[in-house]
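>>> using only what follows, build the 3D model:
(one chain, ligands or ions: 1)
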Amino acid sequence: DWTMGAYREEAIAKIREQVGDSHVICGLSGGVDSSVTAILLHEAIGDQLTCVFVDHGLLRQNEADEVVTMFRDHYNIKLIHADETELFLGELEGVSDPETKRKTIGKLFIDVFQKYAGEIEDAEFLAQGTLYPDVIESVSFSGGPSVTIKSHHNVGGLPEKMGLKLVEPLRELFKDEVRALGHELGLPASFIGRHPFPGPGLAIRCPGEITRDKLEILRKADAVYIDQIRKHGLYDEIWQAFVAILPVRTVGVMGDGRTYDYACALRAVTSVDGMTADYYPFSHDFLGETATRIINEVKGINRVTYDVTSKPPGTIEWE
Ligand code: XMP
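Got it, this is the predicted structure:
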């Protein structure tokens with residue numbers, strides 16, 4: 001009989017056999033796949049593992065802290081928190097073209113990862129959370145919400161370039177099996193069930209030029225929106241939900257005065273694999289209550305819209 005407990009033992013034995021006494025580097029994104037990879041490797045080889053978490057300053061509210069706390073403090077995994085916010089936001093200044101944004105982030109991500117990984121002595125292996133569908137997809141198509149460094153930022157050939165061999169302990173698993181394994185390894189259910197989050201992060205939810213101001217407003221609005229969704233018990237029915245801050249300011253009234261602040265769009269979709277999606281049919285009450293909360297609680301936003309575009313013809317993200 002095949003169980004996740006047995007798979008775990010088998011995977012650990014295989015990792016030990018492949019790696020021996022060598023050192024392994026693992027890129028941690030905060031997503032489920034890279035997290036399960038890191039924890040499994042840590043169980044197998046302990047301190048021979050070092051994780052590198054590249055923080056591009058485009059994460060959601062508290063996200064970096066949560067990742068660092070969980071892996072470093074709770075799991076006791078050696079973790080380098082590469083906080084390169086200044087570098088990324090500096091390079092993105094004045095950039096508004098979506099493709100240029102993605103390329104800028106992808107390239108910097110690889111540079112930064114390589115820099116930090118290069119400082120880890122005796123590293124011989126690079127661990128990646130490649131899943132079975134990624135293995136098939138890499139032959140036919142790519143673009144799904146996977147979190148290996150390669151597909152996360154659409155840059156291949158990194159291990160070869162760094163002279164590292166690959167360890168891919170999830171290569172035989174589907175997403176639901178990775179979640180079951182995560183559960184087996186003690187990852188909290190709230191973490192395992194988290195919505196996918198794209199490699200370029202909030203950059204593609206901030207159409208047009210990215211500024212620190214807009215990012216701060218976006219983080220706050222997104223936190224309120226997700227809180228609303230959780231409070232109404234809708235989180236697990238939704239594939240992905242997030243706020244996009246629009247590159248336009250509109251006039252509003254508040255108290256005796258006028259406001260001139262940003263408009264935002266709420267997005268929520270149902271989907272099976274991210275390839276097609278329908279917008280989520282929130283009740284008008286939910287939407288009204290959420291809009292009121294965002295406008296009251298987030299300084300800088302005075303108008304809230306709901307995106308009712310399905311995919312196709314729309315994409316899930318705004319850029
Ligand atoms: P779109 O916007 O293309 O998104 O409908 C489909 C799914 O892919 C995610 N996504 C990405 N994931 N790197 C990623 O790891 C990326 O560059 C990227 N772009 C989009 C998106 O969040 C959705 O789940």
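>>> so which residue is smack in the middle of the chain?
residue 197 (3.3 Å; CA atoms, centre = their mean).
>>> point out where the stretch 51-200 of the chain drops to low pLDDT.
137-156 (pLDDT under 70).
>>> residue most distant from the centroid, the protein?
Centroid-distance maximum for the chain: residue 256 at 41.1 Å, with CA atoms, centre = their mean.
>>> now do that one against residue 230, distance only.
Look at residue 256 and residue 230: by CB to CB, to the nearest Å, they are 35 Å apart. All C-beta spots, glycine's among them, are computed from the backbone N, C-alpha and C.
>>> show the pLDDT at the residue farthest from the centre of the chain.
pLDDT for residue 256: 91.
>>> now do the SS call for the spatially closest residue to residue 205 that is not a sequence neighbour.
In space, and not counting its chain neighbours, residue 205 is closest to residue 244: 4.5 Å by CB to CB, 6 or more residues apart in numbering. Classification of residue 244 using DSSP: H, G, I helix; E, B strand; the rest coil returns strand.
>>> how many neighbours does residue 244 have?
23 (other CB atoms under 10 Å).
>>> wait, it sits on residue 262?
No - in this structure, residue 244 is not within contact of residue 262 by CB atoms under 8 Å, at 10.5 Å.
>>> flag every residue of the stretch 151-300 of the chain that's near the ligand.
Residues of the stretch 151-300 of the chain lying near the ligand by CB under 6 Å from any ligand atom: 152, 196, 198-200, 240, 274.
>>> go again with 5 Å.
152, 196, 198-199, 274 (CB under 5 Å from any ligand atom).
>>> where does the prediction get shaky in the stretch 201-319 of the chain?
In the stretch 201-319 of the chain, no residues with pLDDT under 70.
>>> quick check: residue 210 is in a strand.
No - using three-state DSSP, the assignment for residue 210 is coil, not a strand.
>>> what's the neighbour count on the closest residue to it other than its chain neighbours?
Spatial nearest neighbour of residue 210, excluding adjacent residues (CB to CB, 6+ apart): residue 92 at 5.1 Å. Neighbourhood size, residue 92 [other CB under 10 Å]: 22.
>>> quick one: residues contacting residue 92.
For residue 92, the contacting residues are 101, 104-105, 203, 210, by CB atoms under 8 Å, 6 or more residues apart in numbering.
>>> again, but for residue 49
Applying CB under 8 Å, 6+ apart to residue 49 gives the contacts 23-26, 38, 41-42, 77-78, 127.
>>> and it, how far from residue 315?
For residue 49, the distance to residue 315 equals 36 Å [CB to CB].
>>> cool, residue 260 as well?
30 Å.
>>> name the residue in these two with the higher neighbour count.
residue 315 (13 against 9).
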